[in-house]
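Asks: Okay, structure incoming, though there's no sequence with it:
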């Protein structure tokens with residue numbers, strides 16, 4: 001046991017640093033929109049609301065079930081435990097890839113930092129972090145298969161791929177990847193990463209043969225096909241089960257509309273000019289599909305020149321880059337999906353650097369040095385083009401140190417996160433006196449729902465969805481049926497809702513004006 005701890009001391013230090021870096025997370029107020037939406041929906045479900053029918057957001061369901069916790073602090077504890085396990089799984093994956101603990105520790109350190117500190121919003125329990133846990137578990141399960149071992153060893157005579165115990169591992173790996181997709185749709189590209197292992201394995205088999213013998217190739221391909229079917233069966237099992245569950249709850253049509261199909265619409269709603277005809281095409285969905293296909297083709301052509309670890313890392317990097325660009329939105333937390341692949345490329349770069357004087361296959365070593373640099377350059381260029389800036393991590397931790405040292409008050413600390421925090425605290429105190437069972441907010445302030453644990457009076461938590469889907473009439477019907485004791489109108493909501501204004505004038509009286517919102521109480 002002592003030897004084992006000494007061998008993996010690097011992982012222990014990484015996990016300790018993770019815990020320390022996440023301490024400030026537990027002192028943050030309710031301020032972040034996506035987290036507030038998760039908690040609002042989780043709370044509504046705890047109070048009997050049916051997901052996608054009575055309460056709606058456009059992500060797949062597991063993130064909302066994970067958010068069925070008592071409060072924000074509980075969600076942060078869940079996130080901490082989740083990321084400790086996820087980082088441990090990533091370390092195990094890196095160790096299988098590099099075989100050297102120092103390289104696994106180096107990659108895991110990079111992974112831990114970028115999924116923990118605020119640069120990419122790693123301090124927030126976003127869906128991407130929970131997806132990582134399922135994906136890491138899926139990939140670690142995949143490393144238990146003979147196909148993974150043959151892939152890394154470039155074994156030209158694979159065997160035992162279709163044995164029962166192997167098929168079980170493929171199936172388990174598929175199930176966990178499927179659970180990742182049920183947490184957030186872009187995880188479907190992580191499914192693509194595993195399928196690329198199958199593809200690169202077969203391409204290596206073809207490239208290793210002087211002449212293509214269909215009979216001998218079928219002998220290799222048949223067990224790979226069986227393994228692939230087992231894996232995909234695992235992927236589709238939780239997806240099909242989720243459809244069956246929501247159909248049994250009488251919410252199947254709404255699940256299809258909001259949990260699945262709405263994501264296709266969402267990815268196409270963000271439009272902007274990137275400065276050239278080529279870039280404008282490259283950021284379209286067809287353009288991204290073509291570029292991803294070209295990247296996979298290049299890796300396939302260079303298959304004999306690339307180490308298996310680089311094939312895997314680069315394929316994952318390309319798939320994850322496609323995933324984070326699905327909607328072209330400049331949100332830093334989207335880049336979290338790229339972090340595992342980027343962390344492996346870091347490890348590959350240092351491994352190649354350490355082998356540059358001893359490795360006889362100098363071209364493979366050189367490519368291991370050049371390709372990760374080009375990949376990181378591409379990501380930086382994309383971030384600049386999307387104007388996806390990093391959040392200030394230094395200020396985040398300095399601010400917490402001032403709080404811990406008593407140099408600033410807890411109120412000032414809370415209010416520094418968002419200008420709406422202070423006002424929401426006042427409104428929440430007033431709502432505590434009113435004690436409404438239901439509330440409707442016209443505008444964007446889901447943090448008030450989450451903070452007060454008041455269930456929304458209609459199924460949408462923010463005005464964006466009502467406007468995007470143009471469901472004003474339906475929303476007003478739901479409000480009339482719910483008869484919420486309180487309606488809040490945000491002053492900064494640019495889009496008007498005339499019928500709602502008329503309804504409020506006829507049935508509610510102004511209770512209090514606040515700088516950014518007005519609170520109306522039912523007559």
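Replies: Nice, I can see it. Being a predicted model, the structure only gives us computed values, none of them experimental.

Asks: so after the lowest-mean-pLDDT helix or strand in the chain, what's the next helix or strand?
Replies: Least confident helix or strand, the chain: helix 2-7 with a mean of 63, by mean pLDDT, DSSP states H and E. Once helix 2-7 ends, the next helix or strand along the chain (criterion: DSSP states H and E) is helix 9-21.

Asks: who's in contact with that next one?
Replies: For helix 9-21, contacts defined as CB atoms under 8 Å, 6 or more residues apart in numbering pick out 5, 80, 83-84, 87-88, 91, 101-102, 104-105, 108-109, 112-113, 116-117. For glycine as for every other residue, the C-beta is placed from the backbone atoms N, C-alpha and C.

Asks: List the ones among those that fall in helices.
Replies: 5, 80, 83-84, 87-88, 91, 101-102, 104-105, 108-109, 112-113 (DSSP state H).

Asks: circling back: quick check on the contacts of helix 9-21: which are buried?
Replies: Using 16 or more other CB atoms under 10 Å as the burial test, the contacts of helix 9-21 include 80, 83-84, 87-88, 91, 101, 104-105, 108-109, 112-113, 116-117 as buried.

Asks: Off-centre distance for stretch 143-163?
Replies: 30 Å (CA atoms, centre = their mean, to the nearest Å).

Asks: Check which residues of that stretch are buried.
Replies: 143-148, 150-152, 154, 158, 161-162.

Asks: Point me to the helix or strand that includes the residue nearest to residue 196 when sequence neighbours are not counted.
Replies: Spatial nearest neighbour of residue 196, chain neighbours left out: residue 315 (4.0 Å); criterion: CB to CB, 6 or more residues apart in numbering. Per DSSP H and E, residue 315 falls inside helix 308-324.

Asks: got the angle for that helix vs helix 101-114?
Replies: 10 degrees (axes from the mean of the first three to the mean of the last three CA atoms, to 10 degrees).

Asks: Could you count how many residues lie near residue 403?
Replies: 18 (other CB atoms under 10 Å).

Asks: just how off-centre is the host helix or strand of it within its chain?
Replies: Residue 403 belongs to helix 393-404 when assigned by DSSP H and E. Relative to its parent chain, helix 393-404 has a centroid offset of 26 Å by CA atoms, centre = their mean.

Asks: Next, the buried residues of that helix.
Replies: Neighbour-count burial for helix 393-404 [16+ other CB under 10 Å]: 393, 396, 399, 400, 403.

Asks: Show me what the following helix or strand past it is packed up against.
Replies: Remark: after helix 393-404, the chain's next helix or strand is helix 410-415, criterion DSSP H and E. If you count contacts as 3 or more CB pairs under 8 Å, 6 or more residues apart in numbering; DSSP states H and E, helix 410-415 packs onto helix 393-404, helix 421-434.

Asks: quick one: contacts of the first one?
Replies: Where contact means CB under 8 Å, 6+ apart, the residues beyond helix 393-404 that reach it are 23, 24, 27, 117, 118, 119, 123, 408, 410, 413, 416.

Asks: and what of stretch 432-445?
Replies: Under CB under 8 Å, 6+ apart, the answer for stretch 432-445 is 33, 420, 424, 431, 448-449, 452, 454-458, 462-464, 479, 482-493, 497, 500, 511, 517, 521.

Asks: So which of the residues you listed sit within helices?
Replies: Counting by DSSP H, the contacts of stretch 432-445 place 33, 424, 431, 448, 449, 452, 463, 464, 479, 482, 500 in helices.

Asks: Now do the fourth one against residue 248, distance only.
Replies: The gap separating residue 448 from residue 248 is 33 Å, by CB to CB, to the nearest Å.

Asks: Those two: which is more packed in?
Replies: For residue 448 versus residue 248, the count of surrounding residues by other CB under 10 Å is larger for residue 448: 24 against 9.

Asks: check contacts around the more buried one.
Replies: 424, 427, 428, 441, 454, 488.

Asks: Generate a PyMOL selection restricted to the buried subset of those.
Replies: In PyMOL syntax, the buried subset of the contacts of residue 448 is picked out as below (16+ other CB under 10 Å):
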select buried, resi 424+427+428+441+454+488
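
Asks: so can I have CSV of the contacts of residue 448 showing pLDDT?
Replies: Shown next, in CSV, are these (pLDDT from 0 to 100):
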residue, pLDDT
424, 98
427, 98
428, 97
441, 97
454, 97
488, 97
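
Asks: Just name the closest of the contacts of residue 448 to residue 137, please.
Replies: residue 454 (35.7 Å; CB to CB).

Asks: What residues does the closest one make contact with?
Replies: 431, 436, 437, 438, 439, 448, 486.

Asks: Contacts only, for the last one.
Replies: Same thing as residue 486. Counted by CB under 8 Å, 6+ apart, residue 486 has contacts 431, 434, 436, 438, 439, 440, 454, 511, 519, 520, 521, 522.

Asks: Please flag which of those sit within strands.
Replies: Cross-referencing those against strands under DSSP state E gives 438, 439, 440, 511, 519, 520, 521, 522.

Asks: mind giving me the domain split of this structure?
Replies: Using automatic domain parsing, the domain parsing of the chain gives 2-275, 419-522.

Asks: first vs last residue of the shortest one, how far apart are they?
Replies: Read that as domain 419-522. 28 Å (CA to CA, to the nearest Å).

Asks: Just the helices from the stretch 251-400 of the chain, written as ranges.
Replies: Under the criterion DSSP state H, counting those that start in this stretch, helices of the stretch 251-400 of the chain are mapped to 252-254, 262-266, 277-282, 285-301, 308-324, 339-355, 362-386, 393-404.

Asks: Compare those and report which one is nearest to residue 56.
Replies: helix 252-254 (7.5 Å).

Asks: Now do the buried residues in that closest one.
Replies: By neighbour count on 16+ other CB under 10 Å, the buried set for helix 252-254 is 252, 254.

Asks: hang on, the earlier thing: got the helices of the stretch 251-400 of the chain as a markdown table, with distance to residue 179 and mean pLDDT columns?
Replies: Shown next, in a markdown table, are the helices of the stretch 251-400 of the chain (distance: least, CB to CB, whole Å; pLDDT from 0 to 100):
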| stretch | distance to residue 179 | mean pLDDT |
| --- | --- | --- |
| helix 252-254 | 20 | 94 |
| helix 262-266 | 17 | 71 |
| helix 277-282 | 32 | 92 |
| helix 285-301 | 24 | 95 |
| helix 308-324 | 16 | 96 |
| helix 339-355 | 17 | 95 |
| helix 362-386 | 27 | 93 |
| helix 393-404 | 30 | 97 |
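
Asks: Could you identify which of the ones you listed is most buried?
Replies: Mean neighbour count (mean count of other CB atoms under 10 Å) peaks for helix 308-324 among the helices of the stretch 251-400 of the chain, with a mean of 24.

Asks: So, low pLDDT: which residues of the protein?
Replies: Within the chain, the segments meeting pLDDT under 70 span 1-4, 155-159, 209-217, 265-269, 359-360.

Asks: go again using 80 as the cut-off
Replies: For the chain, applying pLDDT under 80 flags the ranges 1-7, 154-162, 205-220, 262-271, 357-361, 494.

Asks: Select the longest helix from it.
Replies: Longest among the helix segments of the chain by residue count, using DSSP H, is helix 214-248.

Asks: ok, now which ones touch residue 52?
Replies: So residue 52 contacts 61, 246, 251, 254, 255, 257, 258, 259 (CB under 8 Å, 6+ apart).

Asks: number of nearby residues for the residue nearest to the fifth one when sequence neighbours are not counted?
Replies: In space, and not counting its chain neighbours, residue 255 is closest to residue 246: 3.9 Å by CB to CB, 6+ apart. Other residues lying near residue 246 total 21 when counted by other CB under 10 Å.
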